[in-house]
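Peer 1: Just need the structure, nothing else, for what follows:
(chains A and B)
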2 protein chains.
Amino acid sequence: MIYGHDPRTGETIGAAFPETDSAGVDSIVSAAAAAGTTWRATPAAERANALEAVADALAAHVDELWQLADQETALGEVRLRGEVARTAGQFRLFAQVLRDGGYVEAIIDHADPSLAPPRPDVRRMKRPLAGVVAVFAASNFPFAFSVAGGDTASALAAGCPVVVKAHPGHPGTSERVAKIVREALPSPDLLGLVQGMQAGADLVQHPGVVAAGFTGSVAGGKAIQRLIDEREVPIPFYGELGSVNPVVVLPSAPVKEVAAGFAGSLTLGVGQFCTNPGLMFVPEGDELRDAIVEAVEGTSGGPMLAERIRDGYLGGVERLGELRLLAEGKPGEGSWAVTPKVFTTDVSTFEEKLPRVAEECFGPASIVVTYRDVAELRSVLERLEGSLTATVHSTDPDEAGEVTEVLGRKAGRLIWNGWPTGVAVCWAMHHGGPWPSATTSYTSVGATAIDRWLAPTAYQDWPESLLPEELKDANPLSIPRRVDGRLQA
Amino acid sequence: MIYGHDPRTGETIGAAFPETDSAGVDSIVSAAAAAGTTWRATPAAERANALEAVADALAAHVDELWQLADQETALGEVRLRGEVARTAGQFRLFAQVLRDGGYVEAIIDHADPSLAPPRPDVRRMKRPLAGVVAVFAASNFPFAFSVAGGDTASALAAGCPVVVKAHPGHPGTSERVAKIVREALPSPDLLGLVQGMQAGADLVQHPGVVAAGFTGSVAGGKAIQRLIDEREVPIPFYGELGSVNPVVVLPSAPVKEVAAGFAGSLTLGVGQFCTNPGLMFVPEGDELRDAIVEAVEGTSGGPMLAERIRDGYLGGVERLGELRLLAEGKPGEGSWAVTPKVFTTDVSTFEEKLPRVAEECFGPASIVVTYRDVAELRSVLERLEGSLTATVHSTDPDEAGEVTEVLGRKAGRLIWNGWPTGVAVCWAMHHGGPWPSATTSYTSVGATAIDRWLAPTAYQDWPESLLPEELKDANPLSIPRRVDGRLQA
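Peer 2: Model (predicted):
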């Protein structure tokens, strides 16, 4: 049985949830697949309405949901209310994406008999993958990257039914959210929920599953990839894994703002973000270092989401103990509470200890690495693995050019004078990056996240009456299309 | 040493080419990577000019090239002249793609401080993968899917340097084409060539390689995937593997045209196409069957590309011998010549022998499966694996609806009253499909093939002077972009 736990006390709370056995996974996936045959044939505008119904239902239950999640995660009212709003907002964004229609990337090339060889009429659009999408929920976002998170919203938008493997950190919240979403959808079977580690393995190996989304650790992602590699028919695996999110402070950056911003971003949500700034490069010198010490000492820790995550953080901090401790915050309160810690070293010591020293330590810990000059900085940045984000602090773009060229090959999102925590849900967002921050070049946040669950089909000399609406000459849905080589918005 | 062979005589021809050893692969990849740093920073319009220079150079050498390739492949003047033209045309298409600029999928979301939380300015575009693309050349297209084929053209267009592993079926043609392309590019190192099986393994495991393209068999694709799985840093693998390309003849289809078209498509190029019609479903009855017999008996075989490919065909035909031989063409002439063969059976026998009977038999062999009614037809189509193409012959779209729904989940390209051989190189083409016809949902032919070598980057509050031209507010390159949610063509 799986129980929720209160991170403030370490005690079990709420009902016990049975682990889903293999027969259960099979029946849930089969029901989802059956519901999916209707869903994938449902016009995009109707799918958009359904997504908005889900958004409304989530928003309507915010009072209940934040309290339930707070018991299981200790993330607090403000954050959790905000996260429910964001989660509903993701469904609304994908409703817009569906109504816009550009996501199918419709292309029409009319026949051209004058060419040698003559060209037939060819039309292409992206359509939903024909099967069930498996989603592995994250620990650190009980709403936005969980049962009704971005993976689920984008897959439902694409036209795919979803079966989620709940995260054991918030089983009760997961069950409640699933019930709300299922009631709001045209068929409840479009969203299935399974509990337990073995159920996750059964899910990703089920022949009815055609793709999987995952947010979690590198080790977890590799384990799922191995399960997928055993399948007879391979499927795409969209994993968002570990990331240290380097921050580069250039000489012109304002000392106080950088120190305060760093301490805030590092300790937000007890540091439990994939985009937490785990590594910061600063120029040699006392002023910024002293400001960082002061800012970090003003922070407080708090209880982490799960005992296992707390233990992982303590292990990571122990590993970083081979560096010098620069500053720490006040200890947090509660059974699974931890203390923010910032370590420091210089570039050459840091490079000696690569790659181990630059592995993600999930939680409010970071390393401040002091550099002598831009040449040294460039050289160490070149050695970093991929991250979701890279941040530059500077008041002078001219001094940043060389550094940004390197960072542009190391991260999926580049941030200027800001902080990586907080991922805007919008059309242009990219939440992904080079390995090991992600398994593919796709994003898990923002409008283009829908692209993970689509595949193109080309229609050659296909009769008008059998063409999808998106590809009919009259463009009845008024969507953007590329016709005979020219994009028509 | 590697030698070319004349398929008409089985004898070695031309010079001997040494296999590239590990040090050689390393030095070629390193040189490509170094040339790539300039290439990826070269404006798209200049890359377009370079691609057109390559196209011109290939076209200028057509007289020499077709003769060289004909000695090594026996594919004949008409086909090979056409293939050089197509190969040059692929470079020209990607030059258009670069000038259009839509391929970067530029998206701009301006800051919105009125939102909670306030939204920063976020801009996203796709940029070239930062490293070398490995390309495994195909046997059956010495130009269009080889050294200067679609994988190479699209990767160079994207901004990536390329190292090709030559196919042993045409080593001399490969070396000559590489020399022509290298001379036409701004840096010869942008295209490297390696020879030999071990060189291919070294190539795909080289740390400087960031993606691989492959056209070949399922077994070959699986072998490369295993090599990639051993890498420390995984890379995307775009493989176009095996495909049986089912053709469905519905009752209304005209008998004579179908029989003649089938025989022609089956035996074109000695059946050596990924899109060869390896499986055809026809209604029970004598008339069409007799017409097929007559048409197939009017065809001739010919020498296959390589001894190993000939042996593979003979093995495949032996495997199909458990079905009834319906018709065969005239034997071809030459050492490695084979005879076109068509087998037949009914749906229930075919289903008993699945999946083995439906594996691709590369060459001019096919199975004609007779069905009783559309229900039986639908049910057997449902059991097929993925293919690059699926074709319907009918004069009545109304009778085809149910069948096309199934085929739409089984193939990447749907063809009406045509034949799958011949893949138009255009914006809308999709040459890919569900496993095992391809390893991903990307295409290897057509304008969108460039997408395989790109990954998105998001820029948050990034200074105008450091933004790529594609994302500057003034849109200096006049490319299509989505701005604040609206696509602007």
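Peer 1: Next, the buried residues of the lengthiest helix in chain A.
Peer 2: In chain A, assigned by DSSP state H, the helix with the most residues is helix A:77-100. For helix A:77-100, burial by neighbour count (16 or more other C-beta atoms under 10 Å in any protein chain shown) applies to A:79-95, A:97-98, A:100. In short, each C-beta sits where N, CA and C put it, glycine included.
Peer 1: Over to stretch A:314-328?
Peer 2: Neighbour-count burial for stretch A:314-328, counted by 16+ other C-beta under 10 Å, picks out A:314, A:316-317, A:319-320, A:323, A:326-328.
Peer 1: Next step: those restricted to strands.
Peer 2: Assigned to strands by DSSP state E, the following of the buried residues of stretch A:314-328 qualify: A:326-328.
Peer 1: tell me which of the residues you listed is nearest to A:Glu376?
Peer 2: Distance to A:Glu376, by C-beta to C-beta, is smallest for A:Leu326 among these, at 19.4 Å.
Peer 1: Quick one: residues contacting the closest one.
Peer 2: Taking C-beta atoms under 8 Å, 6 or more residues apart in numbering or on different chains, we find A:Leu326 in contact with A:289, A:292-293, A:296, A:342-344, A:368.
Peer 1: repeat for A:Asp26
Peer 2: Going by C-beta under 8 Å, 6+ apart, the list of residues near A:Asp26 reads A:202, A:206.
Peer 1: A:Gly315 too?
Peer 2: Taking C-beta under 8 Å, 6+ apart as the definition of contact, A:Gly315 has no neighbours.
Peer 1: Would you mind measuring from it to chain B?
Peer 2: Look at A:Gly315 and chain B: by C-beta to the nearest C-beta, to the nearest Å, they are 23 Å apart.
Peer 1: Over to A:Ala199?
Peer 2: Look at A:Ala199 and chain B: by C-beta to the nearest C-beta, they are 24 Å apart.
Peer 1: Ok, A:Ala219 next?
Peer 2: A:Ala219 sits 15 Å away from chain B, going by C-beta to the nearest C-beta.
Peer 1: Phi, psi for that residue please.
Peer 2: Backbone torsions of A:Ala219, given as degrees, to the nearest 10, read phi -60, psi -40.
Peer 1: can you pull the contacts of A:Trp453?
Peer 2: Per C-beta under 8 Å, 6+ apart, neighbours of A:Trp453: A:128-129, A:133, A:154-155, A:158-160, A:211.
Peer 1: right, and the secondary structure at A:Val233 would be what?
Peer 2: Per DSSP: H, G, I helix; E, B strand; the rest coil, the secondary structure class of A:Val233 is coil.
Peer 1: How many residues are close by it?
Peer 2: A:Val233 is flanked by 14 other residues according to other C-beta atoms under 10 Å in any protein chain shown.
Peer 1: Need phi/psi at the residue with the largest distance to the centre of chain A.
Peer 2: Most distant from the centre of chain A: A:Ser114, at 48.5 Å, with distances by C-alpha atoms, centre = their mean. A:Ser114 adopts backbone torsions of phi -80, psi -20, taken as degrees, to the nearest 10.
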